[in-house]
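# Got a predicted model here, sequence first, then my questions.
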Amino acid sequence: MAGPDGNDLPRDTAGGLLIRGECLFSGYWRDPVATKEAFTGGGWYKTGDIARLTPDGYLYILDRAKDMIISGGGNIYPAEVEAVLARHPAVAEVAVIGVPDPTWGEAVHAVITPVAGSTASAGEVIAWCRERLAHFKCPKSAEFTGPLSRTTTGKVLKRELREQRAAALPHEGAGR
């Protein structure tokens, strides 16, 4: 695992996952800028994953670096929050994204597809989450929606969720 400065991190510390090997591609086709950004000077490929290597040698992928939420200086991995929320009986599927927050930089926001016929409120789901996670990791807001948009490989399109949320928020200075 590597820190933001590219230096190795001790085991059991979350950091960027780097890989290197003979079967790894050597760069992006006709895109030297993207290639330079994707590889370290030593030839290690930056996967974009945040991972942790245990003292026993087990590798845990925690989340995608671009999905990580930084709130008040703390790193929040959406996958951890999603795993907790997914256990709520009223939640059929969930995605967690960071939304702008004037105090904390970003705040945790949950987008939930409810189980058919459920009547849970956003406040109830957030309170349930607070019983199971550190408070700074809990959603500050939640919304209920239809099925989440996914890629052809089944990944939730979080970029679209962030764009939809940004479009729904009033813009500062609007109407002035």
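Yep, that arrived.
# how far is the worst-scoring helix or strand of the chain on mean pLDDT from where the chain is centred?
Scoring the helices and strands of the chain by mean pLDDT, DSSP states H and E places helix 158-168 at the bottom, with a mean of 90. How far helix 158-168 lies from its chain's middle: 14 Å, per C-alpha atoms, centre = their mean, to the nearest Å.
# Contacts for it, please.
Outside helix 158-168, the residues that touch it by C-beta atoms under 8 Å, 6 or more residues apart in numbering are 67, 78, 95, 97, 98, 99, 100, 109, 111, 148, 149. C-beta here means a position set from N, CA and C on the backbone, and glycine is covered the same way.
# try it again with 10 Å
The contact list for helix 158-168, computed with C-beta atoms under 10 Å, 6 or more residues apart in numbering, reads 64, 66-67, 78, 95-100, 109, 111, 141, 143, 145, 148-150, 157.
# Over to stretch 124-135?
74, 76, 80-81, 83-85, 87-91, 94, 108, 110, 112, 114, 120-121, 137-142, 144.
# What of stretch 51-66?
So stretch 51-66 is contacted by 1-2, 4, 9-18, 46-50, 68-69, 75-82, 96, 155, 158-159 (C-beta under 10 Å, 6+ apart).
# go with 6 Å
The contact list for stretch 51-66 (C-beta atoms under 6 Å, 6 or more residues apart in numbering) reads 1, 11, 12, 14, 17, 48, 49, 50, 77, 78, 79.
# Check which residues of stretch 80-94 are buried.
81, 82, 84, 85, 88, 90, 91, 93, 94 (16 or more other C-beta atoms under 10 Å).
# who's in contact with the fifth one?
Contact analysis of residue 88 by C-beta under 6 Å, 6+ apart lists 125, 128.
# what about it, which SS state?
Assigned by DSSP: H, G, I helix; E, B strand; the rest coil, the conformation of residue 88 is coil.
# Any figure for the gap between the spatially most central residue of the chain and residue 110?
By C-alpha atoms, centre = their mean, the chain has its centre lying nearest to residue 67, at 3.0 Å. Taking C-beta to C-beta, to the nearest Å as the measure, residue 67 falls 13 Å from residue 110.
# before we move on, what about residue 36?
Residue 36 is 36 Å from residue 110, by C-beta to C-beta.
# which residues in the chain form helices?
Applying DSSP state H to the chain gives helices spanning 32-38, 78-85, 122-130, 158-168.
# how about those in a markdown table, adding distance to residue 55?
Shown next, in a markdown table, are those (distance: least, C-beta to C-beta, whole Å):
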| stretch | distance to residue 55 |
| --- | --- |
| helix 32-38 | 29 |
| helix 78-85 | 21 |
| helix 122-130 | 30 |
| helix 158-168 | 32 |
